[in-house]
Structure formats: C-alpha cells, structure tokens
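Engineer: pasting the structure only:
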C-alpha cells in the first residue's frame, strides 16, 4: 500500500534539484571571464530512501542539493605563489638592466669606444702638428666629450637609483594595501563560514590578492587549523608570513614600513635611500619578488662590505669612478699599477710607481729657459659652481707622490672634467719633454702609449676595462632575460593548469544547461503524469 | 586534460605574442643591419664588436699618419735632391775654377756663382712643410740657418727625431736633423740668447707701475731709462711681463726692440726672465742688464744674474762653400783643386742621408700597404661579427610571418565556435 501523494512530492524535489542545477550553470556562465573565478558545482545526492515494510526493498524519495562547491586545486595555488615570486624578481631586474644597458649605449657610433677612439685620434693628429692651436682646440674638445660622457652616464645612473628608490616605496605601499584587503577578506570569510558554509567567491577574491602579493615579495601562505568550530568544522585561520614573520595572522596585519637611511651604505649612493623594515621596528630580509628586484638593482655593489651580492647601480658607478680615477692618474701623472682594495678605493699601502705623464710636459708657450715642466693636469674635476678646477687647486697641498695619488680619490665619474688651465688656454696642453721645442712630442707619445698599457687595470688597458664593464652588464642582463622568460613560462603553465581545473567551460555549462533543462522538463512531465494518476484515482475511480 | 574556453584564448594570445617578439627581432635586425642592438642580445658578439671597432678606428688613424709621414718625407726627399744638385754644381764650378788656365778675374766670376749656390743652400736648409721647418729638429717653428751669417740659428741635436706612429708600438722617424745634413753627422750648435733672470718676489695683483722707472742696458750699449706711462696697471703676471716687454722694446734710443720678457711662477713667487733676440745693440747676443729705477726692486730686478749669449757654429757644407769662395776669389787654383775632394765628401754625405730617407720611405710604403689590407681585414671581421646575413634574416622573417598567419588563422577558428552555436 502506498502513501497518498508520494509521487508528486518526489517530482517536486526533482524540479527543485534541476532548478538549483540551472542556477549554478547560470552563475558559472556569468563569471566565465571573472579573474580568479573557480567554477562551481551543485552537489547533488539522492535523498534518503524509504524502506518498504513488506521487505521488497527501499524506495527512493527523490534528490537533494547538499551544497555548492568550488572546483579548486589548492596545491596549484601554493605552487603558483612559490614560482611567481621569482618571476617578479627577475622580470624587474630584466627591465632595469635593459635601462642600464641603454645608458652605456654600446655598441654604437656614440658610445664610450667611439669617444675614446676620437680622443686618441685627436692626440695622433696633435703628434703630427704639435704647434697647431686648431688641433689643440680639437684635443681639448675631445677631452671634454670624454669627460662629459662619464658625467652624463653617472648622472643617469644616479637618477635611476632615485627612481628605483621611489619604486621601492611604491611597492611597499602596494604590499601594505594588499595586506589590508586580505585582512578584511579574512574577516568576511571567517564570519561567512562560521555556520559551516564555504564562502566560495570570497575565497576566490582572496586568492587573486595573494597571487598579486606573491609577485611583489616572498610570502608563505597557509590555512592553519586552530581548533573546532561550534558547527563541528575545523577552525581555520589564514596566515601569510614574510621571511618567517607573520604579515597577516587571521585578523592581525603587521605592516611593512620604509625608513630613510641616516648613513650611506655605499659611497656612491644618493642621499636618503629607503630601508624596508617592519612597521614594528624589526628588520626585514626581503628574499624575492619585485621588491627584491628593485633593492638588488638599487643597492647591489657586488658584495663589497657585506653588501648585496649583485651588480646594481652602485657597482657600475663605483667601477666608473675607478676608471676615471685610474685613467686620470695615469694620463696626468704617469702613475701605473695602482693597487685597489675591494670596494674600489686605492690601496695607499702600495708605493706609487711613476712614469711620465702630462705633468712632465712643457707647454707650447714654454721657452728654452724653462727648467721645470708646466705641471699641468689635463684632467681634473668639477669644483664649486660645476666649474673645472685648475691644476694647482687640484694638487692642493699634496707634495709627495702618494699625497698626489690620494687627491685622485676625489675624482668621480660625475665630476670628471678637463682642467681649468687647459679650458682657458690650449697652449698649456704639454706634450714636449723640453722647454721651447714646439715639435717635440716625447710626452705626447707617452700619453698615446697609455692607451695600450695592459697594466693600467686588472682588466687590462682602458678600453678593455670599459669593454669588460659593458660585457658584464650584458651578461647579467642576458641572465635576467633568460630567468625571467623561464619563470614566466612556469607561471603561465601553472596558470593554465589552474584554468584547466577551475575555469568555466562554456561547452560544459551548455551541456549542463540542457541536462538540467531536460531533468526539469522530465520532472514536470512526472507531475502531469502523477496529476493524471490522482485525477483517475480521485475523480474517476468508482464512477460508473 | 580539461580544456576551457579561457585557456584557449590565453594560449593563443601567448603564442601570438611570442610570434610577434620573434618577428620584431628579425625586423629590427633587417632595419639596423646589425645582429645585436644591446650587449645582452649576445655579450660575446658585443665584446668583439667593441674591440674590432677600436681596431678599425686605429688602423684608419695609422693610415692617415702614414700618408702625412709620406708627404713630409716627399718634401725632405726633394729638398735633399736639390741640395745634391747644388753641391754637384758647386763641385763642377770648383773643378772649373781649379783649372790653372783661369785668370783671377775668371775665378772671381765663378766665385760669384758659388756665392749664389751658398745662398741657395741656406735657403734649402730652411725649407718648410706646412709652415714647419723640416731640418730644425724639434724647433719646427724656428729656421735652422741664419741667412745673414750662415751660422746655425738654433741648436739641433741629432737625437731630435720626430716620430709618427704608424702602428701599435711602431713609429717611424720622419725628419732629418739639420746637423746631420749640414755638419756631416754632427750636432748643430746655434746662437744662444743673453738671458737675465730676476729674483723671486711676491707680487700682489693688480700691480701698478704707473710713473715708475727701470734702467735697461744691453751689454755695453747705452743705458736707457724707461718710464711706465700712467695707467700701467696689470692684473696678472703674464700681462705684467707683456707690459714690461713692450715698455723695454719701445725705449729710446732704439736698438733693443727684440727682448722677450717672461714671468715664471715658483710656488707663490714670481721672477722675470729677460731674453735678448738677434736685434740687440751688439749683435744681439749679449747680456741684458736691468737694474736701477724705482720699479726694479719691486720686480726683483735689483741685481739680476746675467748670462752672455754666444754666436752659432757654421755647418760644414756652408764652411766648404765659404772656402771655395775664398779660394776662387783669390784665384788660388791649388786650394780650389784641394777642395774638390772635400766637396766629394759632402756630396757623399747627402747621398747617405738620401739613401736613409729612401729606405724609410720604402718602409712607409710597405706599412701603408699592410695597413690597407689590415683595414679591409678588420672591416670584414667587424662585418662578419655584427652584421646580419640579409638573405637568411629575410628568410627567417618570412618564416615567422607564415607562422604568425597560421597561428592567427588557427586561433580564429578555435576560439569562435562553441556549443551555443549549435543548440537550437
């Protein structure tokens, strides 16, 4: 014997289930292009069956939707975060190094090697006609071009460092802003899930934010189970740590902060660079992400004084300073084999060896009565008001060779200049080794020989030094491009797997749409059938 | 694997993006003609490119140097040829004059011609190239021989070799020092000027000499008193020296207008150096005495040290011409005859130098040829290193374009249709 309207009830459940299914399809189709959206599924189960008392078995009572679930492989998220950090770092380095490469402008017709070629060519021309003031003026102009090349390159590098510093600040602010948003989402998710629900869409939003954060800085994100909720589910707290210290712990946010340095880390640095710290004052070790990329390029000095072991802006400025100091010293004074300490400063403990340089030359306006060389330094540096200082001022009170050598530590790529004496009088370009001999180019020959002096730098002659500097930058830049490309394909691959797993497939949803529509239609038909059955039972049965 | 619509779109965009990157690379290569634009494209090629550019630039410079050396040597060579001709003619005339049948009147006429030859020889000794005296050693701004006396005007040491660099560490001596030529391999010793050096004084600029006086005397000549005019205010040492110089040279009576005054700075002190030139009162080669006058002490000239100048030597070639002239003027056939052998030595000396110059010219020619082929080689290496192979690159670009078109067409097919299109 069967219960009254059992069939109608089952059919109604079928209608409801199909409707819920259609709702989910509808929702999925709506969000097909929503970033970070995971497709959802209605969890459909057969409802509790009813045992038949005559021992003929159990009778199904219909179907139920017990929940709506998002399809998400959380392992892929963890993997994405751990790879994205490295992508962020190398992509930043790639962009910045490309900028630095453009600054050196090599190989081209206006880079260092061309300028150096022109400089020495002008000396060759002077060798052939040392008394010509026109050629002397040419030599001076080529010298100025050489000096200006270093001035402008160094200025550009300093500007770059300033820009990088600004970027560091921006990135820290971005990290804090993401942290605040994640913290708020944590609150919403936690309260939404207290009753045992799953806050699918809020979790998707949070994952998108963590994805962004993972590109900026090295993070470790986890859901930590801290106990049981009244509903019986696990009490989960979402925690993000940076280098071991909690950035977000459930509802707590510990922000990052920037602080202006009171003392420079590298002598070459511009003023007021930012240090990244925790807002509570603890030090922070940034191990990856875009922030690390910016810090490495801004501060990288190749490991000098326990600095960052990367060749960034300070490294290149330091090497250029080293170049102009050594080159000017060799050119002006004839010093060679100048030993340098790690960090680029001149090793004062090594005695100076002196050959012949520009100071040993006699000027064009010298006379045979002159017994001492002109003592003019071709290259000096910019002093107050950005005017080049003259040779005597540059030499100052220095008397001994080592004192003179120490004066050269004051020259930097940024203040490198042709001396004021030569700027005001080209006759003071001193190429003769005896007074009053206008055709004598013995000193000039020494100056030209300098160009091929393989002992001037550890890397060799002046051009070898700059060549090696440019090549080093090229190799670093190439490495950054490769690593960034590799990381990019890894990240893209994971993104694809995430899309494969959680993305909405229109075809699938359409199929589901049809499926649920048919199920709905079938249940409706069932109601009609049941209605007819009851019609027969109630109205027609027994009527004769 | 489950494929979703957004995956298709993402993958297609990625691939098309990669295609475009590659097309951009080949496009850049074609439009610049270079394999690399920045060192990171290929650091090895970049390093070699820098080196080869320098090499090419240097070789070009050496080529220019060897051309300039060549023209200097050409002038030297033709001057030497002329000197040889002059000496030959002098020898012929001497042979003619040595003939005992000549009367003194005849030989005196010959002597006249020898005199002209001597003048020609001095003129040749003062030959210039682009305004520079070629036989004056390092003192290319000064003539070698004084036309009036035939004496050397300046010192020229035989070691004063002007060298042009025609290769790395390869330089060539392009000049012939005057002594070698005119003194058969000896050094030339020229006139020296009288130099008077003041003592060190501290000067506070501006220095006002208006109305002060200075007593100047050259050797035993009459002493002159110079009075500086009003407004003689000088702002630096060079202007002061120039002021003193113009005051001295304008002194009356005239005769000492060739004195040069230089200020020499030692530390914070100055001293003044007075040099007499050739127009000095007594042959110009004597001491300049400057003392007395109100300005003297302030300028450190109270008791200056005097150095006397000396006359120059006469070169052997000129001496021999003089001897021939003397012998012929006196009609001394025997002496003239004896001088023939001397002139032969002189001719041989010039020939020796010409042979040397010829050998050097030869070397420049060889170097020049080598530099030409170096230039071609290095340029070729540079091109091999950094220039693109146009045919290959165009082919690659074409290839990429095909791939690009294929991926666009494939992508358009795959992202458009879905089940919606077929559900009715």
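Structural biologist: Happy to help now that I have it. If you're wondering where the values come from, they're calculated on a predicted model, not measured in any experiment. Numbering: from 1, shown residues only, chains lettered A, B, ... in the order given.
Engineer: could you chop chain A up by domain?
Structural biologist: A:6-71+A:504-540, A:76-82+A:169-310, A:92-166+A:311-479 (automatic domain parsing).
Engineer: check contacts around whatever residue of the stretch 151-300 of chain B ends up closest to chain A.
Structural biologist: As assessed by C-beta to the nearest C-beta, chain A sits closest to residue B:273 within the stretch 151-300 of chain B, at 5.2 Å. (Glycine included, C-beta is placed from N, CA and C.) Residue B:273 sits next to A:367, A:369, B:195, B:196, B:197, B:198, B:261, B:262, B:263, B:264 when contact means C-beta atoms under 8 Å, 6 or more residues apart in numbering or on different chains.
Engineer: if you set the cut-off to 10 Å instead, what comes out?
Structural biologist: With contact taken as C-beta atoms under 10 Å, 6 or more residues apart in numbering or on different chains, residue B:273 is in contact with A:367, A:369-370, B:195-198, B:241, B:260-264, B:288, B:304.
Engineer: same check, this time on residue A:476
Structural biologist: Per C-beta under 10 Å, 6+ apart, neighbours of residue A:476: A:93-94, A:97, A:100-101, A:297, A:300, A:310-312, A:315, B:39-40, B:43.
Engineer: mind jotting down where the strands sit in chain A?
Structural biologist: Remark: strands assigned in chain A by DSSP state E are A:40-46, A:50-52, A:57-59, A:63-70, A:220-228, A:234-242, A:245-249, A:252-253, A:256-260, A:274-278, A:335-336, A:353-354, A:379-381, A:416-418.
Engineer: so which of the ones you listed gets nearest residue B:174?
Structural biologist: strand A:335-336 (28.7 Å; C-beta to C-beta).
Engineer: model confidence over that closest one, on average?
Structural biologist: Mean per-residue pLDDT for strand A:335-336: 74.
Engineer: mind listing the helices for chain B?
Structural biologist: Ranges of helices in chain B, per DSSP state H, are B:5-32, B:43-98, B:104-125, B:178-182, B:237-249, B:316-329, B:333-386, B:390-415, B:419-422.
Engineer: per-stretch mean pLDDT over the ones you listed, give me the minimum one.
Structural biologist: helix B:237-249 (a mean of 80).
Engineer: pull out the buried residues from that one.
Structural biologist: By 16 or more other C-beta atoms under 10 Å in any protein chain shown, the buried positions in helix B:237-249 come out as B:237, B:240, B:241, B:243, B:244, B:245, B:247, B:248, B:249.
Engineer: try stretch B:173-191
Structural biologist: Buried-residue list, stretch B:173-191, by 16+ other C-beta under 10 Å: B:173-184, B:187-191.
Engineer: the helices of chain B into CSV, with extra columns for distance to residue A:503?
Structural biologist: CSV is the format used below for the helices of chain B (distance: least, C-beta to C-beta, whole Å):
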stretch, distance to residue A:503
helix B:5-32, 5
helix B:43-98, 41
helix B:104-125, 97
helix B:178-182, 94
helix B:237-249, 85
helix B:316-329, 103
helix B:333-386, 46
helix B:390-415, 14
helix B:419-422, 16
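Engineer: comparing those, which comes out most buried?
Structural biologist: Most buried of the helices of chain B, by mean neighbour count (mean count of other C-beta atoms under 10 Å in any protein chain shown): helix B:178-182, with a mean of 27.
Engineer: would it count as contacting chain A?
Structural biologist: No: judged by C-beta under 10 Å from any C-beta of the partner chain, helix B:178-182 makes no contact with chain A; its nearest approach is 12.2 Å.
Engineer: packing partners of that helix?
Structural biologist: Where contact means 3 or more C-beta pairs under 10 Å, 6 or more residues apart in numbering or on different chains; DSSP states H and E, helix B:178-182 is packed against helix B:43-98, helix B:104-125, helix B:316-329, helix B:333-386.
Engineer: of these, which approaches residue A:492 most closely?
Structural biologist: Using C-beta to C-beta, the helices and strands packed on helix B:178-182 put helix B:43-98 closest to residue A:492, at 27.0 Å.
Engineer: that closest one near chain A anywhere?
Structural biologist: Yes: using C-beta under 10 Å from any C-beta, helix B:43-98 reaches chain A at B:43-58, B:60-62, B:64-65, B:68-69, B:72.
Engineer: what angle do that helix and helix B:104-125 make?
Structural biologist: With axes from the mean of the first three to the mean of the last three C-alpha atoms, to 10 degrees applied, the angle from helix B:43-98 to helix B:104-125 works out at 170 degrees.
Engineer: residues near the closest residue to residue A:391 other than its chain neighbours, how many?
Structural biologist: Counting by C-beta to C-beta, 6 or more residues apart in numbering or on different chains, residue A:391 lies nearest to residue A:377, which is 4.2 Å off, once chain neighbours are set aside. For residue A:377, the neighbour count with other C-beta atoms under 10 Å in any protein chain shown is 31.
Engineer: isn't residue A:377 right up against residue A:330?
Structural biologist: No: the pair residue A:377 / residue A:330 is not scored as a contact, 11.9 Å apart, by C-beta atoms under 10 Å.
Engineer: buried ones in stretch A:291-304, by neighbour count?
Structural biologist: Applying 16+ other C-beta under 10 Å to stretch A:291-304 flags A:291-302, A:304 as buried.
Engineer: over to stretch A:68-85?
Structural biologist: Going by neighbour count (16+ other C-beta under 10 Å), the buried part of stretch A:68-85 is A:68, A:70, A:72, A:76, A:77, A:79, A:80, A:81, A:82, A:83, A:84, A:85.
Engineer: rewinding a little: any idea which of the domains of chain A is most buried?
Structural biologist: domain A:92-166+A:311-479 (a mean of 20).
Engineer: measure it end to end?
Structural biologist: 13 Å (C-alpha to C-alpha, to the nearest Å).
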